[in-house]
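S.K.: Using only what follows, build the 3D model:
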Amino acid sequence: MKLLLANHHLVERAGSELYTFELATALHDAGHTVAVFTFVPGSISTALAQLGIGVFTASDRAAIEAFAPDLVHCHHAPCLYFLGSLELSCPVVHSRLGPWVSYELPPAVFGGVSLSLCVSEEVRDVAAETPFGREVQSHIFRNWFDERQTPRAPVRRAGELERLAVVSNHLDPKLRQSLDAIVARRPGFSWVHYGLPENPTALGAKELLELDAVITIGRTTLLAGALGVPCLIYDVYGCDGWLEAHRMPDLATKNFSGRLERRALSTDELEAELFERRRALELEATADACWQQWSLASRLPELSDLHARALQAGARLSAQTRGAYASLGAMVHDLEGVATAERMLRSQTAHRLDAEVKRLSAELGRLEAELQRTDAERAELRAEAELLRRALEAARHDHGALLEREARLAHDLAHLRGSAGVRFLEQVKRVPGVYGAWLSAKRLLDKQ
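M.R.: Residues are numbered from 1 along each chain as shown. Below you'll find the model as predicted:
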């Protein structure tokens, strides 16, 4: 079968992008001819192209029509509006992965849509009271984890909690504050954030297996569960507690999002969940449930059945439906063109800013190096000055000691002169003739 998967943007590792990437590659591996359409190409579409999967954008109208898919599997209403305006003749399966994001809302025009796939009951119920929800048959097609890059490893028992990761593209500030407070309380515990905008690093099975626990939502919960890594479902919406086998049916109704219980945890409550409640988890039972019911391999037969139903249902894109999409498709094309121009301008501005940041960073580095050199020279001068000061103090001390010794010697000499010498002369004077002889000798010596 020739399948065209459509997603508004294929730039970052996020929900619908990964959903499209994994479905496209799995269907391609299963022998289908697969191509993807996107308004905003990026790293995900590049990766698909490198795997031999065709990538179309809004400038490829003729190429899309020439591809002539047997079925369009579409996400996001703007994609439906644009593709519906082309000369295609096939049914559309329209998937919705979230309840409230604007692109995920039920489309206002939906001619040719044969089936609606909803990732959860929550998403289905949002559309129930809309014309789309009433007129298009809906099916629950749940999320999965991609087992193709996931080894089935023995499950470890929950031990000491030292390494925790928060995987989220919108990290809750209160969660960050609580985790930082727990780090201050518990030596040896640390946490790291994976996700936009700080750290958009891909987190796969290898990285998860190095952790003692993870806090996340959505599809990452299923991957963590399959690996036996304790997973706390917690994000900006709140906390739904730990992923456990017996709770998975209820958690799935809100797509493991934190919107089931929406608990707001204090720092003390979060600490208790991480260091006490976590130890009681039956991780092996959760891993078994994930591998049996939540792998991508378990979803593909279900998807094939749904695609077959769509082909048989009767609704399809045609010349009749094209008229309803024509103005919307042109409008979306123009708006996406403006948006693309804005993105290019922002990108160019960002490149200029990056260049300026690099220049200023280099200048800052030079100044810091100069400051370090100056500080080193200043420290060296301080050391030399200290040595001179100590030498001067030693010299002053020695000079004072010498003066003191000189005074003491002078005093002793004066004392000797005034005591022993005087007594000697007095004794000599008393000896007849001796004193006179001494005076005569002294006078003779003085004349010479």
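
S.K.: from here on, contacts and neighbour counts on C-alpha atoms
M.R.: Fine.

S.K.: which residues in the protein form strands?
M.R.: 2-6, 9-10, 33-37, 40-41, 54-56, 71-75, 92-96, 113-118, 138-140, 163-167, 190-194, 213-216, 231-235, 238-242 (DSSP state E).

S.K.: Mind checking those for the one nearest to residue 132?
M.R.: Closest to residue 132 of the strands of the chain is strand 113-118 (Cα to Cα; 8.8 Å).

S.K.: pLDDT on the closest one, on average?
M.R.: Strand 113-118 shows a mean pLDDT of 94.

S.K.: Return the list of helices and strands in contact with it.
M.R.: For strand 113-118, the contact count by 3 or more Cα pairs under 8 Å, 6 or more residues apart in numbering; DSSP states H and E identifies strand 92-96, strand 138-140, helix 296-313 as packing neighbours.

S.K.: what lines up beside it in the sheet?
M.R.: strand 92-96 (parallel), strand 138-140 (parallel) (DSSP bridges).

S.K.: and the ones you listed, which is most packed in?
M.R.: A comparison of the strands paired with strand 113-118 by mean neighbour count, using mean count of other Cα atoms under 10 Å, puts strand 92-96 on top with a mean of 26.

S.K.: circling back to that earlier point, for residue 407, find the nearest of the strands of the chain.
M.R.: strand 190-194 (72.4 Å).

S.K.: Tell me which of the helices and strands packed on strand 113-118 lies nearest to residue 220.
M.R.: helix 296-313 (13.0 Å).

S.K.: Give me the contact list for the closest one.
M.R.: 27, 71, 90-93, 114-115, 141, 144-147, 292 (Cα atoms under 8 Å, 6 or more residues apart in numbering).

S.K.: Buried ones only from those residues, please, as a ChimeraX command.
M.R.: Burial among these is assessed by 16 or more other Cα atoms under 10 Å; the matching ChimeraX selection reads:
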select :27,71,90,91,92,93,114,115,141,144,145,146,147
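
S.K.: Farthest pair within the contacts of helix 296-313?
M.R.: Between any two of the contacts of helix 296-313 (Cα to Cα), the greatest distance is 33.5 Å, for 90 and 292.

S.K.: so can I have a markdown table of the contacts of helix 296-313 showing distance to residue 133?
M.R.: Formatted as a markdown table, those follow (distance: Cα to Cα, whole Å):
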| residue | distance to residue 133 |
| --- | --- |
| 27 | 27 |
| 71 | 21 |
| 90 | 21 |
| 91 | 17 |
| 92 | 15 |
| 93 | 13 |
| 114 | 12 |
| 115 | 10 |
| 141 | 15 |
| 144 | 24 |
| 145 | 27 |
| 146 | 29 |
| 147 | 32 |
| 292 | 31 |
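
S.K.: mind checking how far the nearest residue to residue 223 once chain neighbours are set aside is from residue 375?
M.R.: Among residues not flanking residue 223 along the chain, residue 145 sits closest, at 5.3 Å (Cα to Cα, 6 or more residues apart in numbering). For residue 145, the distance to residue 375 equals 55 Å [Cα to Cα, to the nearest Å].

S.K.: Centre of the chain to stretch 219-231, how far?
M.R.: Mean C-alpha position of stretch 219-231 versus that of the full chain (Cα atoms, centre = their mean, to the nearest Å) differs by 18 Å.

S.K.: What residues of that stretch count as buried?
M.R.: Buried, per 16+ other Cα under 10 Å, within stretch 219-231: 219-231.

S.K.: again with stretch 306-314
M.R.: So for stretch 306-314, counting by 16+ other Cα under 10 Å, buried means 306, 307, 310, 311.

S.K.: tell me which of those is nearest to residue 106?
M.R.: Looking across the buried residues of stretch 306-314 and measuring by Cα to Cα, the closest to residue 106 is residue 310, at 18.0 Å.

S.K.: how many other residues sit next to the residue nearest to residue 322 when sequence neighbours are not counted?
M.R.: In space, residue 322 comes closest to residue 85 once its chain neighbours are excluded; the distance is 5.1 Å by Cα to Cα, 6+ apart. Neighbour count of residue 85, defined by other Cα atoms under 10 Å: 22.
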